[in-house]
Each structure stands twice: as C-alpha cells, then as structure tokens.
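Q: Could you work out the structure for the sequence below:
(one chain, ligands or ions: 1)
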Amino acid sequence: MHNILRIDSSSRTEGSHSRELGDYFEKAWLNQHPEDRIVRRDVVAEPIEHIADQTIAGFYTPTDQFTNELQAATTLSDRLIAELQSVDFLLLTVPMYNFSIPSALKAWIDQIVRIGRTFSYDGASFTGLVTVKRAYVICTYGVGGYTNGGPFSAFNFLEPYLKLLLNFLGIQDVRFFTVEATTSDNATVTVNTKQAKREIDTMIAEA
Ligand SMILES: Cc1cc2nc3c(=O)[nH]c(=O)nc-3n(C[C@H](O)[C@H](O)[C@H](O)COP(=O)(O)O)c2cc1C
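A: Below you'll find the model as predicted:
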C-alpha cells in the first residue's frame, strides 16, 4: 500500500486541464493500485500562508530555543512537511502562469523547503532530506513550444524549476506529463490531452 500526495494549483476549478489530467491520473492509478491512498491538497481552495518574518526566524532557530511566537509561526511548515514526508509519491498538477508556477504553489514550496528538515547544507553541498520516492508532475501551457527544444524553451521556468527543486529536495525520480496549447482550438487540445493520457496510462502500467 502506497500513499500519494496530490497537490492542485490551478486557480480554475471549472475547465482546468491540469486538474482534469490529475483526476485522470488518480483514477487510472487507483484502478491499477486499488489499495493505495491519495491525499489531496488544493492550494487554491485552501491557500497556504506566505512565510513571514517569524517563520524565517523559526527556520533558523534550534527548536529547544523556540518561543511561543516562533512555535506558532512554524506550525504550518511542520504540518506540511510531516504530510510530505508521510507519502511515497507526489502528484503535482501545475499550470504555467507567467512562464513559471502559480504563486499558490510557490507559497507551499516556501513552507516546505526548510534547512535541517527537507534539505541540509554542509558549507559546500546540499543534501535533500525528503523521502518521497518519485514525483509525477502534470504541466499545462496555454500555447505550444515550451518543451522538446521548441521556440519558447528558454521561457520555460516551470518544468526546469520543478525538476531542480524536487531533485534538490532529494526526489531524483521526476516524471513530467505535458499538455501544451490548451488555449488553442478544440481539436488541438483534444489531441494533446489524449497524448498526455496515453503517456499516463503507459507509465502507470509500468509502475
Ligand atoms: C495568470 C495566468 C498566466 C498565464 N501565463 C501563461 C504563460 O506564461 N504561458 C502560457 O503558455 N500560458 C499561460 N497561461 C495559460 C495557462 O497556462 C493555460 O490556460 C493552462 O491550461 C492553465 O491551466 P489549467 O487549464 O489547469 O487552469 C496563463 C494563464 C493564466 C490564468
């Protein structure tokens, strides 16, 4: 039995391609692994607080020196890290917003990337401390050309950023599923969505 943490970050609840693909993934996964459990976190429906002055102070203060204020300022981070460290796999559904990730997801990242908890630094190198075995990342883009050496590859701060961040945290196995040109005509969107679904099916059959 495996646990999967699914994090949705599209501000759209209706007509969201990334959420639709996430639902498809979830259904296909559970079909193949009915005993597995998927925990959902929707960072839009339940926005994550931005880290504040005292949160950062808490990140760099040993817990035996915590004041009540530092404790309170790091409680959400503790909870989100515990949730992340309790699962085997991560499923992120992520639209491209202004060439990068939605700020709602960035707020979650800022809470869970924490020295001594999810990464360490010895003065020369970083070590990821997250125990998640693999991450599946579904990315949606309004236009085409961001992946596979396309003309907008240099504009793509979504996929390379998430790959680097997840690797940095210790998750080396990261699988991306892409739907480009979601704002294009229906026929194009259908073809591109079907392709991503086929890739999900193939991956799940092999997982
Ligand atoms: C605020 C905002 C910014 C966006 N920025 C980009 C962008 O930089 N590049 C792009 O190709 N599409 C961009 N889009 C289009 C979305 O990536 C596209 O509609 C995608 O399908 C959104 O994911 P969703 O369908 O899950 O909501 C943007 C959309 C919004 C709402």
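
Q: can you tell me how far residue 72 sits from residue 78?
A: 11 Å (CB to CB, to the nearest Å). From N, CA and C alone the C-beta is placed, and that goes for glycine too.

Q: go on, residue 14?
A: 34 Å.

Q: Tell me which of those two has more neighbours.
A: Higher neighbour count among residue 14 and residue 78: residue 78, with 15 against 5, using other CB atoms under 10 Å.

Q: mind checking the SS state of that one?
A: helix (DSSP: H, G, I helix; E, B strand; the rest coil).

Q: For the residue sitting nearest the centre point of the chain, which residues are in contact?
A: Closest residue to the average C-alpha location of the chain: residue 92 at 3.7 Å, with CA atoms, centre = their mean. Taking CB atoms under 8 Å, 6 or more residues apart in numbering, we find residue 92 in contact with 6, 7, 9, 105, 135, 136, 137, 138, 162.

Q: Double-check that it belongs to a helix.
A: No: per three-state DSSP, residue 92 lies outside any helix segment and is strand.

Q: Okay, it and residue 139: tell me how far apart.
A: Residue 92 is 9 Å from residue 139, by CB to CB.

Q: which neighbours do the two share?
A: Joint contacts of residue 92 and residue 139 (CB under 8 Å, 6+ apart) are residue 162.

Q: if we can go back for a sec, next step: the contacts of residue 92 restricted to helices.
A: Counted as lying in helices by DSSP state H, out of the contacts of residue 92, are 105, 162.

Q: With pLDDT and neighbour count added, can I get the contacts of residue 92 in CSV?
A: Shown next, in CSV, are those (pLDDT from 0 to 100; neighbours: other CB atoms under 10 Å):
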residue, pLDDT, neighbour count
6, 98, 23
7, 99, 23
9, 98, 25
105, 99, 23
135, 98, 23
136, 98, 23
137, 98, 21
138, 98, 26
162, 98, 21
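
Q: Let's see which of the contacts of residue 92 end up in strands.
A: 6, 7, 135, 136, 137, 138 (DSSP state E).

Q: How much space separates the second one from the ligand?
A: Note on residue 7: its distance to the ligand, by CB to the nearest ligand atom, to the nearest Å, is 13 Å.

Q: mind listing what that residue touches?
A: 40, 41, 42, 43, 90, 91, 92, 93, 105, 108.

Q: same question, the first one
A: Going by CB under 8 Å, 6+ apart, residue 6 touches 22, 26, 38, 39, 40, 41, 91, 92, 93.

Q: Quick check: beta-bridge partners of it?
A: residue 40, residue 91 (DSSP bridges).

Q: Who is residue 178 paired with across the strands?
A: Here residue 178, judged by DSSP bridges, has bridge partners residue 139.

Q: neighbours around it, how many?
A: 20.

Q: so what's it up against?
A: 138, 139, 140, 141, 147, 159, 196.

Q: Take those residues and write them to TSV, including distance to the ligand.
A: Converted to TSV, the contacts of residue 178 look like this (distance: CB to the nearest ligand atom, whole Å):
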residue	distance to the ligand
138	9
139	9
140	4
141	4
147	11
159	12
196	12
